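Visitor: with the sequence up front, the predicted model follows.
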Protein chains: 2
Amino acid sequence: MRIGAIEAGGTKFVCGIGNEQGHMEEWCSFPTEHPETTLAKVSDYFRDKGVVTIGIGSFGPIDLKPDSPTYGYITTTPKSDWENCNVVGILKREFPVPFGWDTDVNAAALGEVTWGAAQGLDNCVYYTIGTGVGVGIIAGGKRIHGLLHPEGGHIRTRRHPQDHFAGLCKFHGDCLEGLAAGPAIEARWQTPGSELPTDHLAWEMESFYIAESITTSILLHSPQKIILGGGVMQQMHLFPMIRKQVVHNLHGYVNVPELLQHIDQYIVAPGLGQHAGLYGALALGIEALNQVKTDSSVSL
Amino acid sequence: MRIGAIEAGGTKFVCGIGNEQGHMEEWCSFPTEHPETTLAKVSDYFRDKGVVTIGIGSFGPIDLKPDSPTYGYITTTPKSDWENCNVVGILKREFPVPFGWDTDVNAAALGEVTWGAAQGLDNCVYYTIGTGVGVGIIAGGKRIHGLLHPEGGHIRTRRHPQDHFAGLCKFHGDCLEGLAAGPAIEARWQTPGSELPTDHLAWEMESFYIAESITTSILLHSPQKIILGGGVMQQMHLFPMIRKQVVHNLHGYVNVPELLQHIDQYIVAPGLGQHAGLYGALALGIEALNQVKTDSSVSL
């Protein structure tokens, strides 16, 4: 069975075709431009490919409420061209198949519990730290939705004592994304992160902020695994710094071996590498197809 | 059917007997002393009452993993008498009935979604702010467990710019509980909170800290309702101050009418008043009984 997967990111789109076993047969990628252009490219990619379902993990905020008139839309995004864009509706016109739909980071978390570093776990938090910061959460085996969906990139963390940078978030200035996303590193030091030496103060600050938010996640979600993806996390030297800071922050309060003895297996890179979101979209597609099958067997 | 309910708090125990409809027929309360003394009083209360199941919402940290050898224990609590106390095991010896078991705050959250201010909702966060700070969370209709269970009272919030108090938490100093629980208010101002006038700076700081943590909860859990209980929240003038600060913190980013237009119905007092935990324990008892019924019907 051919299953379509779309990772709809704010910077680029990745489209792929895979199967139920999590094998991705092919994929392609293109920059995120005006929705009309971008979604036309998506349609071109999937045309005549015979997909039986499509899963989409999208940048947001998005509307996830199945009974909402704007279900399937990207809603109040700062990327103004995409504001109130009916992503699912537009694609469904050409591809009348079941669609799975969630945030890019919830999709990535789903990909990781299905085939990646958190395989088989019921509770997992996935952070992406790149051009923005996003958080996807699986709790009790389900992706967290609720009032809207998590927007954990915008939490307010403590400030590093030596950091006086105002922050870049359009909404909040110095929220986590405003302080720790790639563009914030570059603006603070007037140098792209990839050009800063590993012993630069930038990385102490970066690991401080990421550790603050992970500490909060541990205390509020009690995940069995924390996965850190995104462009900034390609700086692998951040991992040990972050782990050390998290242990320092918790100060032995959450007394479990996963934190006290095996934190190197607890805070990890994505098992699916940079494709967690795409594999997650594949899993969303499979879920949507199974849902339709369940619904029709119930109605029989 | 007579269902036993125990709210096992760090300061006091409340025991009650209710039915499946959420009617509490009777209850009693006594201070939390040495476990031997306290659990003997619990046994005395339930003896010959004919309860068919007992639910317990307990202070923690507690062991919630059904397959763990210390399931049903209070584990690493700072209340040293209670450390590694086998609460469920001790009571089960005298009352061989199904037991429900969760944290006091997860129980309170369950009580509120079952019969209280969040009735029928799938996503809800319950804060208690009293002698300590605790957070109970329902996500996707389930209480969050995971690695352990949430310990949201210990998250690190930003500091109020005028607050130089070191904080009282034995583990973390100035975590949320260390700064915002009742004893912290009293230690900071050398006056019990109940004696401070409503326009005192203490309340601006208190609402600042509670709003910081609620902002984080909204961004990480996306709850449909936030419920604030506990002794400190008897200061009803805190509610409008907290709501205003939360709206200020979010700055319009989470663009939903619940936050922008109806926040007075979004951040609320417990519908079950000071008995949310006890009713939650009742709901845990009912759940445990139903679970046993389901398991035995499956095994038939």
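Guide: Done, it's in. The structure displayed is predicted, hence computed values, not measured ones.

Visitor: show me which residues of the biggest helix by length in chain A are buried.
Guide: As assigned by DSSP state H, the longest helix anywhere in chain A is helix A:276-299. Of the residues in helix A:276-299, those buried under the neighbour-count criterion (16 or more other C-beta atoms under 10 Å in any protein chain shown) are A:276-289. C-beta here means a position set from N, CA and C on the backbone, and glycine is covered the same way.

Visitor: and the nearest residue to A:Thr53 once chain neighbours are set aside, how far from chain B?
Guide: In space, and not counting its chain neighbours, A:Thr53 is closest to A:Leu289: 4.0 Å by C-beta to C-beta, 6 or more residues apart in numbering or on different chains. Going from A:Leu289 to chain B by C-beta to the nearest C-beta, to the nearest Å gives 21 Å.

Visitor: which ones are touching A:Leu289?
Guide: Going by C-beta atoms under 8 Å, 6 or more residues apart in numbering or on different chains, A:Leu289 touches A:Met1, A:Ile3, A:Val52, A:Thr53, A:Pro98.

Visitor: ok, so of the residues you listed, who is nearest chain B?
Guide: Nearest to chain B, judged by C-beta to the nearest C-beta, of those is A:Pro98 at 20.7 Å.

Visitor: and chain A, what are its domain boundaries?
Guide: Chain A breaks down by automatic domain parsing into domains covering A:3-104+A:274-299, A:118-269.

Visitor: spell out which parts of the stretch 51-200 of chain A neighbour chain B.
Guide: A:61, A:75-76, A:122-123, A:135, A:137, A:139-140, A:142-152, A:154-159, A:171-172 (C-beta under 8 Å from any C-beta of the partner chain).

Visitor: could you redo the last one with a cut-off of 6 Å?
Guide: Residues of the stretch 51-200 of chain A lying near chain B by C-beta under 6 Å from any C-beta of the partner chain: A:76, A:123, A:139-140, A:142, A:144, A:146-152, A:154-156, A:158, A:171-172.

Visitor: residue ranges with poor pLDDT in the stretch 151-300 of chain A?
Guide: For the stretch 151-300 of chain A, applying pLDDT under 70 flags the ranges A:298-300.

Visitor: for chain B, what's the nearest residue on it?
Guide: For the stretch 151-300 of chain A, C-beta to the nearest C-beta, closest residue to chain B: A:Ser222, 3.4 Å.

Visitor: contacting residues for that residue?
Guide: By C-beta atoms under 6 Å, 6 or more residues apart in numbering or on different chains, the contact set of A:Ser222 is B:Gly146, B:Leu147, B:Leu148, B:His149, B:Pro150.

Visitor: among those, which one has the most neighbours?
Guide: Counting neighbours by other C-beta atoms under 10 Å in any protein chain shown, the top entry in the contacts of A:Ser222 is B:Pro150, with 30 neighbours.

Visitor: of the residues of the stretch 51-200 of chain A next to chain B, buried ones?
Guide: A:76, A:123, A:139-140, A:142, A:144, A:146-152, A:154-156, A:172.

Visitor: and the residue nearest the centre of chain A, how far from B:Gln190?
Guide: Among the residues of chain A, the one closest to the centroid is A:Val105, at 1.8 Å (C-alpha atoms, centre = their mean). Going from A:Val105 to B:Gln190 by C-beta to C-beta, to the nearest Å gives 46 Å.

Visitor: same thing with A:Lys65?
Guide: A:Lys65 is 50 Å from B:Gln190, by C-beta to C-beta.

Visitor: what do you get for A:Gln291?
Guide: Distance from A:Gln291 to B:Gln190, by C-beta to C-beta: 59 Å.

Visitor: again, but for A:Pro192
Guide: 51 Å.

Visitor: between those two, which one's more packed in?
Guide: A:Pro192 (11 against 6).
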